[in-house]
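>>> mind looking at a prediction? Sequence and model below.
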Amino acid sequence: MAKEPRSLHGRVAVVTGGGRGIGKALALALTSEGCRVAIGDVDAVAAESAAAELGNGAVGLHVDVTDRPGFTAFLDEVERRLGPIDVLVNNAGIMTVGPHDQEDDATAIRLIEINLHGVIHGTKEAMRRMKPRGTGHIVNIASSAGKSGFPHLATYCATKHGVVGLSEAVRLELRGTGVEISVVMPGIVDTELSAGLVETPAFKNSSVDDVADGVIDALKFTRFDVFVPKSIGATWAIFNLVPRRARDAVGRALKLDRALTGADHGARAVYEARAAASAPAADGVIAESAAESPESAAA
């Protein structure tokens with residue numbers, strides 16, 4: 001007997017990084033399902049504009065997920081305006097592309113603070129709010145890069161592996177509490193984040209609506225693993241049954257490595273400049289790291 005989908009009507013849903021791209025598409029999809037949506041984004045204007053487009057009482061507020069007290073205050077404000085949070089989508093994230101040994105410390109810190117520590121904190125806050133009520137759903141946006149490794153994407157892969165591992169562990173902690181968690185692992189999605197990347201013959205780029213559909217499905221049917229497209233999940237499962245050397249050979253044959261190594265950095269310049277300014281609260285961590293580095297001491 002087919003499982004009945006859960007209604008999302010009237011639920012309070014929060015999407016971080018919701019001012020554009022996947023986050024905005026998710027916010028629209030949630031609104032279409034009858035949710036009362038709050039959009040958080042480091043770009044307050046983008047958040048407010050997206051909320052205005054959604055209508056239906058949507059709220060758009062500034063949030064820098066690397067500012068932990070600020071992130072908590074943002075969620076408090078959402079609950080003050082809309083009521084207890086039923087769905088939290090930890091979507092905010094950035095991606096930089098390039099050889100690992102050429103990546104500076106500031107870039108690595110920014111990636112970790114936004115992509116991983118922001119999700120860790122958001123997940124904690126959601127658990128603390130949802131567990132006492134015995135209901136709620138956390139959605140962590142990871143990546144197919146959280147299940148494998150890709151050249152010129154090392155630190156990003158590390159953060160997304162972290163999000164997958166975090167979600168796996170929290171899933172076990174939440175068993176029996178009434179609170180659910182899903183981890184979403186898209187391939188390349190047509191957004192600013194993927195500007196300049198090479199589309200591979202093995203997997204066509206997904207749209208933001210494809211990802212939003214996957215999330216809505218996970219919320220309605222309580223799914224944990226969400227691959228977009230679904231074929232990525234099947235491919236990953238098969239890859240793990242064969243020796244590493246064979247996996248590497250197939251990956252090269254499918255030109256999976258060229259998606260990043262062949263990236264057009266000129267086409268990515270605007271996005272990466274914006275990404276570099278997307279975590280104001282992390283600047284202190286970056287400055288402290290720079291002050292403690294051997295290069296700074298030598299200078």
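That came in fine, so what should we check first? Residues are numbered from 1 along each chain as shown.
>>> what residues are up against the residue nearest to V78 when sequence neighbours are not counted?
Nearest residue to V78 in three dimensions, chain neighbours excluded: A38, at 4.3 Å (Cβ to Cβ, 6 or more residues apart in numbering). C-beta here means a position set from N, CA and C on the backbone, and glycine is covered the same way. Under the criterion of Cβ atoms under 8 Å, 6 or more residues apart in numbering, the neighbours of A38 are 12-15, 51, 58-61, 78, 81-82.
>>> would A38 count as being in a strand?
Yes - assessed by DSSP: H, G, I helix; E, B strand; the rest coil, A38 belongs to a strand.
>>> beta-bridge partners for it, please?
V14, V59 (DSSP bridges).
>>> what residues of the helix or strand G214 falls within count as buried?
Here G214, judged by DSSP states H and E, is contained in helix 208-221. Within helix 208-221, the residues that count as buried by 16 or more other Cβ atoms under 10 Å are 208, 210-216, 218-219.
>>> check stretch 103-118 too.
Buried-residue list, stretch 103-118, by 16+ other Cβ under 10 Å: 103, 106-118.
>>> G134: which of those residues is nearest?
Taking Cβ to Cβ as the measure, G134 lies nearest G118 of these, at 25.9 Å.
>>> what helix or strand is the closest one on?
Under the criterion of DSSP H and E, G118 resides in helix 118-130.
>>> run through who's touching the next helix or strand after that helix.
Using DSSP H and E, the helix or strand that directly follows helix 118-130 along the chain is strand 136-141. Strand 136-141 is contacted by residues 22, 85-91, 93, 119, 122-123, 126-127, 129-130, 163, 166-167, 170, 178-184, 186, 211, 215, 218-219, 222 when judged by Cβ under 8 Å, 6+ apart.
>>> list the strands paired with strand 136-141, with their directions.
strand 87-90 (parallel), strand 179-186 (parallel).
>>> check the gap between the closest residue to I216 other than its chain neighbours and K131 for me.
Counting by Cβ to Cβ, 6+ apart, I216 lies nearest to A29, which is 5.3 Å off, once chain neighbours are set aside. From A29 across to K131, the span is 26 Å (Cβ to Cβ, to the nearest Å).
>>> which of these two has more neighbours?
Shown here are A29 and K131; by other Cβ atoms under 10 Å, A29 has more neighbours (23 against 15).
>>> quick one: the helices in this structure?
21-32, 44-54, 68-82, 105-111, 118-130, 154-173, 208-221, 231-239, 244-253, 258-261, 265-275, 283-292, 294-298 (DSSP state H).
>>> the first one: which residues count as buried?
The one in question is helix 21-32. 21-31.
>>> identify, from those residues, the entry nearest to E272.
Comparing these against E272 with Cβ to Cβ places G21 closest, at 14.6 Å.
>>> got the confidence number for that closest one?
We have a pLDDT of 96 for G21.
>>> do the one 10 residues further on as well
The score at T31 is 98. That number is its pLDDT.
>>> so what's it up against?
Applying Cβ under 8 Å, 6+ apart, one finds that T31 lies in contact with 37, 54-56, 58.
>>> look up how far L75 lies from it.
From T31 over to L75 (counting by Cβ to Cβ), the distance is 19 Å.
>>> got it, and I216?
22 Å.
>>> likewise S167?
S167 sits at a distance of 19 Å from L75 (criterion: Cβ to Cβ).
>>> now do L166
18 Å.
>>> swap in T222?
23 Å.
>>> compare those two and say which one has the larger neighbour count.
A direct count of neighbours by other Cβ under 10 Å for T222 and L75 places L75 higher, at 23 against 14.
>>> could you count how many residues lie near R274?
14.
>>> repeat that for the one 5 residues further on.
If you count neighbours by other Cβ under 10 Å, A279 ends up with 25.
>>> same check on G122?
G122: 27 neighbours (other Cβ under 10 Å).
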